[in-house]
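missing the sequence, but the structure's below:
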């Protein structure tokens with residue numbers, strides 16, 4: 001049961017109702033019994049007698065859909081948003097607040113109606129700005145942002161004279177304007193626009209002649225602007241440009257215009273910042289790619305040139321060991337053995353560097369590779385160590401892929417060889433497998449070896465990083481770096497899961513549509529490059 005609000009007689013309440021800022025209606029049995037002056041003006045009539053006695057539904061639009069809600073608790077009046085049809089046929093958006101009162105002994109509806117047309121228009125414009133912000137996420141150039149922003153300023157927000165300026169060094173350059181002269185403004189000069197950029201604050205000027213910084217830019221075919229809003233486009237304290245709105249009328253703008261433009265400027269500034277950062281990143285990647293190509297070339301040349309003198313050192317040292325061993329004492333023979341071991345190790349190191357530098361060199365042809373055959377060949381190559389260690393290598397069905405045969409063979413060789421080398425089990429077991437993952441293959445090489453601590457997972461892929469001494473486990477420390485570069489050169493990735501004393505599994509992905517990526521996408525890190533140059 002609704003509790004009726006006691007309402008005094010109309011004479012007593014009239015002063016209160018006439019002073020209301022809202023239109024007021026009292027309705028009984030769906031007929032209007034009272035309206036105040038604001039209600040008469042809201043509906044477009046001249047006198048209350050033209051409204052009183054009429055059905056309230058006469059002023060609803062035919063397609064009216066009201067939105068009903070109770071804003072704060074069950075005892076507060078209901079509110080509705082709907083449209084009223086005025087006397088001249090136009091419509092007005094209103095928010096109605098309705099209470100049930102006891103008026104002259106009868107239950108009646110007391111309706112307060114507020115014109116929300118301006119609010120609705122503001123919300124529609126704000127919605128257009130947010131849609132524009134989403135659209136800007138797909139824009140790649142500053143020119144496109146300027147054109148798109150000009151479009152929303154004119155078509156959705158309804159401004160006539162618009163300028164879109166971008167800060168370039170110590171100058172503000174207007175990229176887009178609407179029918180007025182295009183120019184550049186030095187930021188060490190004067191003017192309302194310059195002040196907006198330098199201060200980073202919105203300039204809201206309703207009479208330009210009263211502003212001491214105003215500089216007239218009047219030209220013959222256009223009247224002088226008398227009102228102006230200049231909104232800086234900035235992220236944090238960095239101003240990227242300005243949106244400038246002009247009008248030839250005094251007091252042409254209001255606070256809603258300021259709010260809309262500041263919201264739009266924030267979105268646009270963020271998009272400009274992203275585009276500029278993308279451009280910086282693109283240039284940095286190009287420079288890094290060029291540096292890495294030069295580094296690969298340098299490593300290739302140096303490594304290639306080292307092979308000949310190393311071969312000579314090793315050959316002559318082995319000759320001396322063979323033909324003069326009886327003439328040398330124990331210390332001299334030890335020195336000679338050290339030279340031979342060091343030259344062999346250096347030779348292997350040079351071979352690894354050559355292979356590493358070749359991964360990004362465009363010299364290999366893409367072909368269809370049967371990975372089962374690749375693993376069979378590797379087992380033949382490692383036959384001696386497999387027999388010596390009583391090892392077993394299991395291989396499930398492997399696919400045929402597009403790639404470079406020499407790189408795929410090196411990749412699987414390094415991983416299988418690692419599983420054999422870092423393994424103290426009396427019967428080492430290596431498992432090679434693959435899973436089809438829609439647009440790529442997921443490979444794994446699993447062993448029952450000594451395992452790796454989690455803290456060393458990233459370290460093992462760095463160039464020449466070793467977890468053990470060369471006396472414990474011989475090698476150069478470049479094997480997994482080579483694997484990393486090979487996998488990344490195809491746009492895949494490689495990672496490891498391991499537990500000390502249990503074993504290690506290396507996972508890597510290869511896309512089915514193998515397109516060799518640019519060298520910059522699979523380049524060495526700065527630290528690795530520095531190590532390579534030093535070596």
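Done, it's in. The structure displayed is predicted, hence computed values, not measured ones. Residues are numbered from 1 along each chain as shown.

longest strand of the protein, counting residues only.
Ranked by number of residues, the top strand in the chain under DSSP state E is strand 91-103.

ok, that strand: who's next to it in the sheet?
Pairing partners of strand 91-103, with direction, according to DSSP bridges: strand 5-6 (parallel), strand 78-85 (antiparallel), strand 106-115 (antiparallel).

identify the residues contacting that strand?
Contact partners of strand 91-103, identified using CB atoms under 8 Å, 6 or more residues apart in numbering, comprise 2, 4-7, 10, 22-23, 26, 28, 33, 42, 61, 77-86, 107-117, 119-120. For the C-beta atoms, the positions are set from N, CA and C on the backbone; glycine is no exception.

of those, keep whichever come out buried.
The neighbour count (16 or more other CB atoms under 10 Å) marks 7, 22-23, 26, 33, 42, 77, 79-85, 108-115, 120 as buried among the contacts of strand 91-103.

helices of the stretch 301-450 of the chain, residue ranges please.
When secondary structure is read from DSSP state H, counting those that start in this stretch, the stretch 301-450 of the chain shows helices at 330-358, 371-381, 383-389, 405-421.

right, so those: which one is the most enclosed?
When the helices of the stretch 301-450 of the chain are scored by mean count of other CB atoms under 10 Å, the highest mean neighbour count falls to helix 405-421 (a mean of 21).

next, the angle from that one to helix 371-381.
Using axes from the mean of the first three to the mean of the last three CA atoms, to 10 degrees, one finds that helix 405-421 and helix 371-381 are set 50 degrees apart in direction.

so where's the stretch 101-250 of the chain shaky on pLDDT?
Within the stretch 101-250 of the chain, the ranges that satisfy pLDDT under 70 run 179-182, 217-223.

and if we set it to 80?
Segments of the stretch 101-250 of the chain classed as low confidence (criterion: pLDDT under 80) are 102-105, 137, 176-183, 215-225.

which parts of it are helices?
117-136, 142-151, 192-199.

let's have the ones you listed in CSV, adding distance to residue 100.
Compiled in CSV, the helices of the stretch 101-250 of the chain are given as follows (distance: least, CB to CB, whole Å):
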stretch, distance to residue 100
helix 117-136, 26
helix 142-151, 49
helix 192-199, 53
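
which of those has the highest mean neighbour count?
With neighbours defined as mean count of other CB under 10 Å, these peak in mean count at helix 192-199, which reaches a mean of 20.

name the helices or strands packed onto it?
strand 161-168, strand 171-177, strand 184-186, strand 203-205, strand 227-235, strand 238-247 (3 or more CB pairs under 8 Å, 6 or more residues apart in numbering; DSSP states H and E).

nearest to residue 262, out of these?
Proximity of those to residue 262 was assessed by CB to CB; the nearest stretch is strand 227-235, lying at 5.6 Å.

which one of the helices of the stretch 101-250 of the chain lies closest to residue 336?
Using CB to CB as the measure, helix 142-151 is the one of those that comes nearest residue 336, at 68.7 Å.

I'd say residue 340 and residue 314 touch.
Yes - when contacts are counted by CB atoms under 8 Å, residue 340 is listed as touching residue 314 (6.6 Å).

per-domain residue ranges of the protein.
Following the assignment in automatic domain parsing, the chain carries domains at 5-115, 121-279, 361-534.

in CSV: those domains, plus distance to residue 347.
Converted to CSV, those look like this (distance: least, CB to CB, whole Å):
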stretch, distance to residue 347
domain 5-115, 82
domain 121-279, 45
domain 361-534, 10
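
and the helices of the stretch 301-450 of the chain, which one is worst for confidence?
Within the helices of the stretch 301-450 of the chain, the least confident segment by mean pLDDT turns out to be helix 330-358, at a mean of 70.

related to what we said a few turns ago, among the helices of the stretch 101-250 of the chain, which is nearest residue 252?
Nearest to residue 252 among the helices of the stretch 101-250 of the chain is helix 192-199; the distance by CB to CB comes to 14.4 Å.

what's the closest non-adjacent residue to residue 256?
When the adjacent residues along the chain are set aside, residue 256 lies closest to residue 122, with 4.9 Å between them (CB to CB, 6 or more residues apart in numbering).

so that neighbour versus residue 399, what's the distance?
60 Å (CB to CB, to the nearest Å).

just residue 288 next, same as before
When CB to CB is the yardstick, residue 288 and residue 399 sit 33 Å from each other.

and what of residue 484?
According to CB to CB, residue 484 and residue 399 sit 22 Å apart.

those two - which one has more neighbours?
Neighbour count, other CB atoms under 10 Å: between residue 484 and residue 399, residue 484 has more, with 24 against 14.

how about that one, phi and psi?
Backbone geometry at residue 484, expressed as degrees, to the nearest 10, gives phi -60, psi -50.

now it. Nearest residue, chain neighbours left out?
Once its chain neighbours are removed from consideration, residue 484 has its nearest residue in residue 461; the separation is 4.8 Å (CB to CB, 6+ apart).

report the buried residues of stretch 21-40.
By neighbour count, with 16+ other CB under 10 Å as the criterion, the buried positions of stretch 21-40 are 22-27, 32-36, 38-40.
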